[in-house]
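Peer 1: Have a look; sequence and predicted model below, questions after that.
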Amino acid sequence: MSKADKERNRLQDEFDQIQSENTDFDISKHLARPEDLPDLGEIEIYDYDSDLTDSSKQSMDVLESLVDLYLSDVPQLREHPYIKNKMKEDATVYAEAIFLAKMTRKNFLNQLRQVDNGDNSARMHEVVNQTIGQIRENAKFLSGQRTELEKFYKTLRGDLGLNELESPGGNNNSIESDELPDGGAVMDNRKLNEMIKQAMVTKEEDKRKG
């Protein structure tokens, strides 16, 4: 028998002896019991997908109500491909802003909980103050976005020759159209396309002059 075989047999004999001596060993007696562990509270898995969905819905609700406010009197304009695509793009940007605002607020609440749990370091208070500033910036950005969207549709109405929204019963100018018996307006799609195109050209020219 070679030296290697002898060593292998020796190790095997020692292993068998250890196993035979510990057949009654109960490992459960050496493990911590659940009641001995600190209370870590309920672990909650945050549903980010749900928040994204809610943000998208909230954003689309804002855009749809805005478009209805300014363009409901000309149904063909509201259904125009340019308007529909712009509404979707604006809703996407607005939804992202809403989601970031929610995440900043969630982060802020977690920071406050850390302070409540004893983290009163100067760095922690600095982070909390920075987050407060970010919350203000988020609110300012959302308000600015909404104002810009309102300005766009209000300007579009003016560029297309539509009447102002205020002054019920006033003497406002309206777009040329054939009036239906129920008060709705019908417009030729070609004419509508030309008017939107001209409005966009005018807007670009105004930007260059400005």
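Peer 2: Done, it's in. Numbering: from 1, shown residues only.
Peer 1: what helix or strand does R113 sit in?
Peer 2: Element membership for R113, per DSSP states H and E: helix 81-116.
Peer 1: what's the following helix or strand past that helix packed up against?
Peer 2: Toward the C-terminus, helix 81-116 is succeeded by helix 122-159 as the next helix or strand (DSSP H and E). For helix 122-159, the packing partners by 3 or more C-beta pairs under 8 Å, 6 or more residues apart in numbering; DSSP states H and E come out as helix 48-71, helix 81-116, helix 189-209. All C-beta spots, glycine's among them, are computed from the backbone N, C-alpha and C.
Peer 1: Just put those in JSON lines and tack on mean neighbour count.
Peer 2: JSON lines is the format used below for those (neighbours: other C-beta atoms under 10 Å):
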{"stretch": "helix 48-71", "mean neighbour count": "15"}
{"stretch": "helix 81-116", "mean neighbour count": "15"}
{"stretch": "helix 189-209", "mean neighbour count": "12"}
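Peer 1: returning to what we had before: now do the helix holding R113 against helix 48-71, angle only.
Peer 2: Interaxial angle of helix 81-116 relative to helix 48-71 (axes from the mean of the first three to the mean of the last three C-alpha atoms, to 10 degrees): 140 degrees.
Peer 1: quick revisit: kindly present the helices and strands packed on helix 122-159 as a markdown table, with separate columns for distance to A4 and mean pLDDT.
Peer 2: Shown next, in a markdown table, are the helices and strands packed on helix 122-159 (distance: least, C-beta to C-beta, whole Å; pLDDT from 0 to 100):
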| stretch | distance to A4 | mean pLDDT |
| --- | --- | --- |
| helix 48-71 | 58 | 92 |
| helix 81-116 | 59 | 92 |
| helix 189-209 | 87 | 65 |
